[in-house]
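Visitor: Need coordinates for the following:
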Amino acid sequence: MREAPAISDVLIRQAGPSDVEAIAEAHRDSIQTIGPDFYARPDVDAWQEGLSGDVYLRAMDRGEVFFIASGHVGGTGVVLGFSSDYVIGGGTHGTSVYVRGMAARRGIGTALLRRAEAHGAARGAMRVEIEASLAGVEFYKANRYIEVRTVDTRLRSGRTIACVVMRKDLARTNPEIV
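Guide: The predicted model follows:
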């Protein structure tokens with residue numbers, strides 16, 4: 001097993017249009033490095049298909065707010081992962097968190113999730129929902145999300161993958177951010 005590279009100077013900030021290609025790259029890396037432990041290779045390939053900066057730019061145009069974690073790996077700056085916050089309706093917001101394989105299990109995903117949750121709470125979210133990939137279920141459970149139901153999520157490619165709808169009540173589980 002390869003030793004994980006040293007990551008330094010991690011900074012989390014709100015992303016803007018100039019960050020969309022780096023977000024897409026981090027998203028594809030996460031799917032390619034973490035996804036194969038949970039899905040067959042054809043599903044992983046279909047999952048990352050069509051992920052370009054335009055996907056995130058259009059989401060930003062619809063009001064989705066992204067946060068990125070950047071840091072230095074071997075002296076080079078890189079986007080390590082991202083999270084997002086968007087309104088679903090009725091006091092419910094949606095989120096997602098993806099980190100590069102090299103950034104997994106270092107607290108970066110949790111910090112990104114907290115930032116998205118705080119952003120949602122500041123804008124009236126009482127709960128957060130996500131269609132978690134199988135790769136993310138344990139991560140979200142560790143962050144106090146509960147499983148609601150399993151679903152087949154349609155990817156951009158048209159293929160479907162198994163996911164788990166998860167929910168967190170911000171008022172009960174995170175009183176410090178509400």
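
Visitor: which helices and strands does the longest strand along the chain pack with?
Guide: For the chain, the strand with the greatest residue count under DSSP state E is strand 76-89. With contacts taken as 3 or more CB pairs under 8 Å, 6 or more residues apart in numbering; DSSP states H and E, strand 76-89 sits against helix 20-34, strand 65-73, strand 92-99, helix 108-122. Every C-beta, even on glycine, is put in place using the N, C-alpha and C of the backbone.

Visitor: and among these, the most buried is which?
Guide: Mean neighbours per residue, mean count of other CB atoms under 10 Å, is largest over these for strand 92-99, with a mean of 23.

Visitor: and that strand, C-alpha only, in CSV?
Guide: Coordinates of each C-alpha in strand 92-99 appear next as CSV, following Å, rounded to 0.1, in the frame of the first residue of the first chain:
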residue,chain,number,x,y,z
THR,A,92,-34.7,21.3,3.0
HIS,A,93,-31.4,21.9,1.3
GLY,A,94,-29.2,19.5,-0.7
THR,A,95,-25.5,18.9,-0.5
SER,A,96,-22.7,16.8,-1.9
VAL,A,97,-19.1,16.2,-0.9
TYR,A,98,-16.3,14.7,-3.0
VAL,A,99,-12.6,14.6,-2.1
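
Visitor: for that strand, packing partners?
Guide: helix 20-34, strand 76-89, helix 108-122, strand 127-133.

Visitor: picking up where we left off before, name the strands paired with the longest strand of the chain and say parallel or antiparallel.
Guide: Sheet pairing for strand 76-89, assigned by DSSP bridges, gives strand 65-73 (antiparallel), strand 92-99 (antiparallel).

Visitor: Let's see it as PDB, backbone CA atoms only.
Guide: Extracted in PDB, the C-alpha atoms of strand 76-89 (Å, rounded to 0.1, in the frame of the first residue of the first chain):
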ATOM      1  CA  THR A  76       1.900  22.200  -6.000                       C
ATOM      2  CA  GLY A  77      -1.500  23.800  -5.300                       C
ATOM      3  CA  VAL A  78      -4.400  21.600  -6.000                       C
ATOM      4  CA  VAL A  79      -8.200  21.500  -5.300                       C
ATOM      5  CA  LEU A  80      -8.500  18.500  -2.900                       C
ATOM      6  CA  GLY A  81     -12.300  18.400  -2.900                       C
ATOM      7  CA  PHE A  82     -15.600  20.300  -2.800                       C
ATOM      8  CA  SER A  83     -19.000  20.500  -1.200                       C
ATOM      9  CA  SER A  84     -22.100  22.300  -2.200                       C
ATOM     10  CA  ASP A  85     -25.400  23.700  -0.800                       C
ATOM     11  CA  TYR A  86     -28.600  24.200  -2.800                       C
ATOM     12  CA  VAL A  87     -32.200  24.700  -2.000                       C
ATOM     13  CA  ILE A  88     -34.600  21.700  -2.500                       C
ATOM     14  CA  GLY A  89     -37.600  23.500  -0.800                       C
END
